[in-house]
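K.L.:
Provided below are the primary sequence and the corresponding predicted coordinates.
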Amino acid sequence: MPFARGVRCFSLTAVFICLSFLFAHETRAENARPNRHRAAATNQHGAFVCGTYHGSALDAILFDKVQSSQRAQQGLASRPAQTFVAGDLVVIEDDGTLIAEPGRNAFDLRNKGLHFTPNTNGSYDVSASTLTFDEGLGTNLNAGDDTNHRINFTSGFSFPFAGQTWDHTYIRSNGNLTFGGIGNPDFYDPADFNLELPIIAAFFVDLNPQAGGGVYYQQAGDRFVITWDRIPEFGAQNSNTIQLTLFADGSFDIVFTDVDIQVAANGNPIYVGFSIGDLGAEFQSVDFSNLPITGSRAGAIFEAFEDIPYRVVSTVGIAQRFYAVQPDSFDQLVLITDFDLLGAPFGAFYQFVRNDIQGLGLNNFDLTANYGSAGRLQGFLHMNFVNYWPDNPAGFSFVNVLGQEAEHEWGAFVRSLVNGVETDLILGRGLGHWSFYLDTDGSVMEGNGWQDNGNGTFTTVRSFDNFSLLDHYLMGLRPAEEIPPFFLIDVLGVTLTQRSAFPQTGVTATGVKRTITVNDIIAVEGPRVPSAATAPKVFRQGYVYLTRQGVTPSQANLDKADRFRASWVDYYSDRTDGRGIFQTQLGSALPVATVEGLVTNASNGSIIKNLEAKWLERNYVQPIYDGGHYEFRTLASSTAPADIQATIVLRAFPYLPDTSVVTLTYGNPLVHHRALTPLPQTNLTGAVRDAAGNGVSAKLTLFASSDVIDDFTATATSDAQGNFTFSGLYVSQPPAIAYDRLVVEPDIPFAGQTLTDIVITGGTNDLNIVVEPADILLVNDDPNGNFSNYYSSALEEIGVTSFVWSQKDRGLAPVSFAPQFKRNIIIWYTGNASGAEVLTPAEQDSIAAHLDRGGRVFLTGQNIAESLNGTPFLSNRVRVSFDRNLNDIILHGVQSDPVGKGLINIINAGTLGANNQTSRDVLIPSAGAIACVMFDTTAGTVAGVRVTDPANNSRLVFFGFGFEAVNPGSVPRPGYVGRPEVMQNVLNWLSGVTQVADRNEAPNGIPAAFHLSASYPNPWQAGMGAAEAEIRYHLPLDLAAQRVTLKIFDVLGREVATLVDQPYRPGQFSARWNGRDTRGELVSNGVYFYKLQAGALQHVQKQLLVR
């Protein structure tokens, strides 16, 4: 199984305990083992890969020992080198021990053997083995991947080794034996070679007997034989056979027969040799091809077969050089190199050195002595080549990545309860970063800031530039009570690889929203100890700048590294909302100024929740979910700073803001408690009435906005007399509380209203609202109640009001109310209805009754003709039959028809419309039905008709497709119309505005003046001679009007009919009136006035009608 590690020994270590000491959870899913290297974890800006992994410090110590012993083997000594301070950087020149150049030592012992004999110096001599491979393999252990097997010796055999005589051993599937314990119990771990545990490494590499071969043993009185037979390396197709024989005199032989591996595929060393488990003993690196080896006194003799493909530095050696010239006063050391690492597979990493905090998902450990620290150092940050990073430390650059690596001291390693089950789903890469699907407000520890779209989908809106409040908790900056709930997107079948994706904005995911609290983490990991009350809030980093032997760093590079160092101070303070401090300067600890306090309710002394605290001068803003406690701190720039002033603004809802100015003395924390005064409360009363003063029942929704809490609404309902009351409203106090709008939704047939900028004062607040009937009734007959916005928005754009009736929510539409609307028009759409859902018999009867009363109907929807084909309603009312379905997404209006005129191209697919058309109906018109819309690509196919019934003066427009899908396309193109243009034509014809003609056909025929001509004929004898009266009008170019209307009124000033109501455009036009009102009924004899209005201009003429 792959070693749970990120990158081949850029950092190696060893200590007295097993490598799993870093990870608090003893059992882990196989795919969750920390740390294959981060080759897949690049970001959208480049190739940053975090190389942090559990156990990196153990690897670093081992690497330092191996390198030292290999240098000794080669007879290399350290060379004189400089260590000096440049500003706040400690510059260290390599002395030959700190940098390992790329190199390769391939396995070269195939078909050879090694004989290890105890010598008089307490170590072993090594010679070529004369032993031949024993074909009698013995007992099959049925070993799996990374398994360990305790075997007790029998037949009187025992084995003296490492100062003890053993009666048992542990046979391990990864090519080694241990005595007294098994090292890392969970996965392949090369650092086991340097534990306080005796080990014989016959061929210590990541072998996988689960994939092939087997592990065997046989016992005799004088020997014990273990064979790793034809076992492949994990993830590779090879075969490796090694036999280890222990003898009763303490000697042992290793025979290599068929070994295919030359260097390990995972990049780790292959160890051959032994270690007695004495960490203070000498480590001796040897070349087993150069035998014999005699007289050794080493506690470990080994050869490491490995490929080092890039420059590797000894973090242990660097730290020891740092502490030779600096005190032990740093929590973290940060390394920046003056040289390229030549293809290192990481951008940066954090190396664990010490942890004594509980509740983080880590065990306690202390490796500080290996690094030269007396106990303070927590971790080592390798931040790569100075020119690996852009010059600007902001953006996705040095400080963001430094933020992740620095936070690895505390996270992210915690597991949690999710939906009541203990899991690691909130974790991603290496189980050391947040899952891509965790809402982290864009933490540098990954995850994303997720927006809940409210429909089961979520979209990322922030990434990799912040510390989340959960991060604050792990760092000890906030108590658990201050951490609000957050959420995880539970994606069906999600894999660790998917959870490990690098943060990115603009990604949409689908899943179940799982709310998580910090108590769900505490239930698994336990509380953080020390808690935020006593945890440190001020930390120090020491910066190391490493150069190669004999290289003098350029001032430009030193200045760049120092800019990175200096930028971290403000970055950390800002992202922790002024809670945390990192000092990066050398020298004495700088003093800190602190102000903190408890915020309570001035009326009853209760703790205020959902508080916002701001330090104006520093622009620190703290959201405080619970507990009411704020605290700010800032670092001095010198050891003897002057006092400073701090303006503290505290806000919460529903309270008046509190602003106070305090003087802060560095080194003397100030306790500054505050009490907030509640906002006054009052009522908003009023009435909803029609124009005649009658009360109207209505639902009223008051929308409130706040920059302190989430926006919210209040609702009220008017009674039969129209009276309503909003009780307990807080007085307006922008921006803490403002009332943006009041939406009035009166009962049928009245149009809704939206009133804006509502101000609630401490006194009396009365509001009387007058409503008018809507222009038309809009019936939403979609089975799921969808798509009404596509209709209402088009109507609003052409200035037509509607009352929306959702049959899903309210049952059969009361079409008998239609005459009470300003226009006797019903728009009825069926959306995605099909089959029996399409226009039930009761609905058909309702529409027919409306037509019988001379009503007007716009009926639209796919599947209507198909589902109702052959019914009396379709044949006699709509006067069409169904031909077939057609997948034609472009239609056009019949240019000679009043409904189709000007509708050159109609798109009915695409995301700018409902995009729901899958079954468009081709219509066959019968007598009385006139085609007005045609499919575009199939000649002669009708998509829409209009019908006039002289018997009852009714009018009907029917589309065999859903109007809701109409859109002008994603790119504006000439001749492609939108929903408003189509709706305008339909309503014009239904209203009787059937002959509006554009007379401005000449290029230079735009009128110079606003003008309304006398009608012709006038007087007009309806039914004799002229069937209609023609009215001409002129609209000039320079008139700043949005719409133009032409309406007929009687002598009492009552509106009779609307001939024109459309967007303003200049030109010469004419309209015709057929002597009927908006309901289609003939008007009586008499004098009528027709008025042309555009903006503030109007012109009135008189018409005499004689019957």
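P.N.:
Good, I have the coordinates.
K.L.:
just to be sure, residue 757 is in a helix?
P.N.:
No: remark: residue 757 does not belong to a helix; assigned using DSSP: H, G, I helix; E, B strand; the rest coil, it is strand.
K.L.:
so what's the residue count around it?
P.N.:
Using other C-beta atoms under 10 Å, the number of residues around residue 757 comes to 10. For every residue, glycine as well, the C-beta is placed using N, CA and C.
K.L.:
list the contacts of the residue nearest to it when sequence neighbours are not counted.
P.N.:
The shortest distance from residue 757 to any non-neighbouring residue, by C-beta to C-beta, 6 or more residues apart in numbering, is to residue 740 (7.4 Å). By C-beta atoms under 8 Å, 6 or more residues apart in numbering, the residues touching residue 740 are 703, 704, 705, 756, 757, 758.
K.L.:
confidence-wise, which of these comes last?
P.N.:
Least confident entry in the contacts of residue 740, by pLDDT: residue 757, with 87.
K.L.:
helix, strand or coil for the residue nearest to residue 757?
P.N.:
Under three-state DSSP, residue 740 falls in the strand class.
K.L.:
tell me the centre residue of the protein?
P.N.:
The centroid of the chain falls nearest to residue 460 when counting by C-alpha atoms, centre = their mean (2.9 Å).
K.L.:
report the beta-bridge partner residues of that one.
P.N.:
Per DSSP bridges, the residues bridged to residue 460 are residue 450.
K.L.:
correct me, but it touches residue 503?
P.N.:
Yes: using C-beta atoms under 8 Å, residue 460 makes contact with residue 503 at a distance of 7.2 Å.
K.L.:
re the thing from before, and of the contacts of residue 740, the nearest to residue 896?
P.N.:
Among the contacts of residue 740, residue 756 lies closest to residue 896 (C-beta to C-beta), at 44.6 Å.
K.L.:
check contacts around that closest one.
P.N.:
Per C-beta under 8 Å, 6+ apart, neighbours of residue 756: 740, 741, 742.
K.L.:
any stretches of the chain with poor pLDDT?
P.N.:
Where the chain drops to pLDDT under 70, the residues are 1-49, 51-58, 71-73, 75-77, 394-396, 972-973, 993-1005, 1022-1026, 1038-1040.
K.L.:
longest helix anywhere in it?
P.N.:
If you go by DSSP state H, the chain has its longest helix at helix 555-575.
K.L.:
which parts of that helix are buried?
P.N.:
Of all the residues in helix 555-575, those buried under the rule 16 or more other C-beta atoms under 10 Å are 557-558, 560-562, 564-569, 571-573, 575.
K.L.:
quick check, nearest of these to residue 650?
P.N.:
residue 573 (19.6 Å).
K.L.:
I'd guessed the closest one sits against residue 635; true?
P.N.:
Yes: Residue 573 is within contact range of residue 635, at 7.5 Å (criterion: C-beta under 8 Å).
K.L.:
anything in contact with each of those two?
P.N.:
Common contact partners of residue 573 and residue 635 (C-beta under 8 Å, 6+ apart): residue 581.
K.L.:
run the chain-centre distance for stretch 448-463.
P.N.:
5 Å (C-alpha atoms, centre = their mean, to the nearest Å).
K.L.:
please read the previous query as pertaining to stretch 1095-1107.
P.N.:
With C-alpha atoms, centre = their mean as the basis, stretch 1095-1107 stands 61 Å off its chain's centre.
K.L.:
now swap in stretch 515-533 and tell me
P.N.:
The answer for stretch 515-533 is 23 Å, by C-alpha atoms, centre = their mean.
K.L.:
in that stretch, what counts as buried?
P.N.:
Here stretch 515-533 shows 516, 518, 520, 521, 522, 524, 525, 528, 532 as buried, counting by 16+ other C-beta under 10 Å.
K.L.:
from those residues, pick the one nearest residue 1103.
P.N.:
residue 516 (73.0 Å).
K.L.:
what about that closest one, distance to residue 475?
P.N.:
18 Å (C-beta to C-beta, to the nearest Å).
K.L.:
next one: residue 709
P.N.:
26 Å.
K.L.:
next structured bit after the longest helix of the chain?
P.N.:
strand 581-583 (DSSP states H and E).
K.L.:
CA atoms only: put the helix or strand following that next one into CSV for me.
P.N.:
Following strand 581-583 in sequence order, the next helix or strand is strand 592-601 (DSSP H and E). Presented in CSV, the C-alpha positions along strand 592-601 are these (Å, rounded to 0.1, in the frame of the first residue of the first chain):
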residue,chain,number,x,y,z
VAL,A,592,0.8,43.9,21.8
ALA,A,593,-2.1,46.2,22.4
THR,A,594,-5.4,44.5,23.3
VAL,A,595,-9.0,45.6,23.9
GLU,A,596,-11.7,43.2,24.7
GLY,A,597,-15.1,43.2,26.3
LEU,A,598,-18.5,41.7,26.8
VAL,A,599,-21.5,43.2,25.0
THR,A,600,-24.9,43.0,26.7
ASN,A,601,-28.4,44.2,26.3
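K.L.:
that older thread, now the contacts of residue 756 as a markdown table including distance to residue 968?
P.N.:
Converted to a markdown table, the contacts of residue 756 look like this (distance: C-beta to C-beta, whole Å):
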| residue | distance to residue 968 |
| --- | --- |
| 740 | 31 |
| 741 | 29 |
| 742 | 33 |
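K.L.:
nearest to residue 960 among these?
P.N.:
Distances from residue 960 to those, taken by C-beta to C-beta, are shortest for residue 741, at 38.8 Å.
K.L.:
quickly list what that closest one is bridged to.
P.N.:
Note on residue 741: beta-bridge partners residue 703, residue 756, judged by DSSP bridges.
K.L.:
now residue 172
P.N.:
Under the criterion used (DSSP bridges), residue 172 bridges to residue 148, residue 176.
K.L.:
follow-up on the earlier one: looking at residue 709 and residue 475, which is more packed in?
P.N.:
A side-by-side neighbour count of residue 709 and residue 475, using other C-beta under 10 Å, places residue 475 first with 26 against 16.
K.L.:
residues touching the more buried one, list them.
P.N.:
Applying C-beta under 8 Å, 6+ apart to residue 475 gives the contacts 407, 409, 410, 411, 467, 535, 576, 580.
K.L.:
would you format these as JSON lines with distance to residue 550 and neighbour count included?
P.N.:
Converted to JSON lines, those look like this (distance: C-beta to C-beta, whole Å; neighbours: other C-beta atoms under 10 Å):
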{"residue": "407", "distance to residue 550": "36", "neighbour count": "22"}
{"residue": "409", "distance to residue 550": "35", "neighbour count": "22"}
{"residue": "410", "distance to residue 550": "39", "neighbour count": "26"}
{"residue": "411", "distance to residue 550": "41", "neighbour count": "24"}
{"residue": "467", "distance to residue 550": "41", "neighbour count": "29"}
{"residue": "535", "distance to residue 550": "45", "neighbour count": "16"}
{"residue": "576", "distance to residue 550": "41", "neighbour count": "23"}
{"residue": "580", "distance to residue 550": "40", "neighbour count": "20"}
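K.L.:
farthest-separated two in these?
P.N.:
Farthest pair in these, by C-beta to C-beta: 467 and 535, 15.1 Å.
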